[in-house]
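[1] Fold the following, please.
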Amino acid sequence: MNKIWQNYEKGMGVFDNCHSPTVQSQWLALKDEIGEFVREPNSSEIWDIVHAAGRLLYKIIGIPLYLLAYPTVRKHSQRFEEYGCIRSIRNCEGKCCGKNS
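    Numbering: from 1, shown residues only. Next up, the predicted model:
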């Protein structure tokens, strides 16, 4: 479990250093996740919405509610460990600044 949190924190830190997590960028990320759910409704997308909403709220109120979306936290952690990016391979776009980008 500790390794999951470490990889998640490192991966999100790397991603945030390359993609500044502003209120506007977090709002756009939330809208994107909602759009993905509308196109392909499934439980994974719901957790991604909870994660994105939590990151937006974190920017506004400073409480890390995004950590409640553990399935997405675990997914980002695994991706970062595997190929150095929290995003899916199809969405990485070479901008993740990870160890393999």
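[2] Can you list the buried residues in stretch 52-62?
    52-58 (16 or more other CB atoms under 10 Å). Bear in mind the C-beta positions are built from the backbone N, C-alpha and C, glycine included.
[3] wait, which of these is closest to Met12?
    Taking CB to CB as the measure, Arg55 is the one of these closest to Met12, at 8.7 Å.
[4] Pull the contacting residues for that closest one.
    21, 26, 29-30, 66 (CB atoms under 8 Å, 6 or more residues apart in numbering).
[5] Could you give the average pLDDT over the longest helix seen in the chain?
    Assignment by DSSP state H gives helix 43-61 as the longest helix of the chain. Averaging pLDDT along helix 43-61 yields 97.
[6] what do you get for stretch 21-40?
    What stretch 21-40 shows for mean pLDDT is 96.
[7] So which bits of that stretch are buried?
    Of all the residues in stretch 21-40, those buried under the rule 16+ other CB under 10 Å are 21, 26-27, 29-30, 33, 36-37.
[8] for the longest helix of the chain, the distance to its chain's centre please.
    Centroid separation between helix 43-61 and its chain, computed with CA atoms, centre = their mean, to the nearest Å, is 8 Å.
[9] Pull it out as PDB, backbone CA atoms only.
    Extracted as PDB, the C-alpha positions of helix 43-61 are listed here (Å, rounded to 0.1, in the frame of the first residue of the first chain):
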ATOM      1  CA  SER A  43     -17.300   2.600 -12.800                       C
ATOM      2  CA  SER A  44     -13.700   3.500 -13.600                       C
ATOM      3  CA  GLU A  45     -14.800   6.800 -15.200                       C
ATOM      4  CA  ILE A  46     -16.900   7.600 -12.100                       C
ATOM      5  CA  TRP A  47     -13.800   7.200 -10.000                       C
ATOM      6  CA  ASP A  48     -11.900   9.500 -12.400                       C
ATOM      7  CA  ILE A  49     -14.700  12.100 -12.000                       C
ATOM      8  CA  VAL A  50     -14.400  11.900  -8.200                       C
ATOM      9  CA  HIS A  51     -10.600  12.200  -8.500                       C
ATOM     10  CA  ALA A  52     -10.800  15.200 -10.800                       C
ATOM     11  CA  ALA A  53     -13.500  16.900  -8.600                       C
ATOM     12  CA  GLY A  54     -11.400  16.300  -5.600                       C
ATOM     13  CA  ARG A  55      -8.300  17.900  -7.300                       C
ATOM     14  CA  LEU A  56     -10.400  20.900  -8.200                       C
ATOM     15  CA  LEU A  57     -11.800  21.200  -4.600                       C
ATOM     16  CA  TYR A  58      -8.200  20.800  -3.300                       C
ATOM     17  CA  LYS A  59      -7.200  23.900  -5.300                       C
ATOM     18  CA  ILE A  60     -10.200  25.800  -3.800                       C
ATOM     19  CA  ILE A  61     -10.400  24.600  -0.200                       C
END
